[in-house]
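My questions concern the predicted model and sequence given below.
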Amino acid sequence: MDTRESKTPEEELEHLREVKEPEDFAHPEPDADQPEAKSPAGGLPLILPIIIVAVCLLVVAMLLFGDGIM
C-alpha cells in the first residue's frame, strides 16, 4: 500500500522551485507562514534577569542575617 502523498505535476514543480531557490542571507525576513516570528519577544526575557537578581539577593540576605543552622 502506497502511503505517500500524491502531488499534481504543478504542485511538484512548485515544490522544486521552492527547494532550489537559494536562501537570501542579505535580506532575511521571517516566513509569511509564521507571524509569530515577526512579533517581538514577550515579557519573559525582561523579567528573567529581575527574578535572578531577586533570588541572589534573597540568598545573600539569608546568609548574612539568618540564624544559622549550627
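On my side now, so go ahead. Numbers count the residues shown, from 1 in each chain.

what stretches of this protein score poorly on pLDDT?
Applying pLDDT under 70 to the chain flags the ranges 1-4, 27-43, 67-70.

Let's verify E18: helix, strand, or coil?
Secondary structure of E18, reduced to three states by DSSP: H, G, I helix; E, B strand; the rest coil: helix.

need the longest helix for this structure.
Counting residues, the longest helix found in the chain (DSSP state H) is helix 44-65.

If you count contacts, what does that helix end up packed against?
Counting contacts by 3 or more CB pairs under 8 Å, 6 or more residues apart in numbering; DSSP states H and E, helix 44-65 packs against no other helix or strand. Yep, even glycine has a C-beta here, placed from its N, CA and C like the rest.

contacts for that helix?
Here helix 44-65 makes contact (CB atoms under 8 Å, 6 or more residues apart in numbering) with no residue beyond itself.

From V53, how far off is P45?
With the distance defined as CB to CB, to the nearest Å, P45 ends up 14 Å from V53.

again, but for E11
Here the criterion is CB to CB. By it, E11 lies 54 Å from V53.
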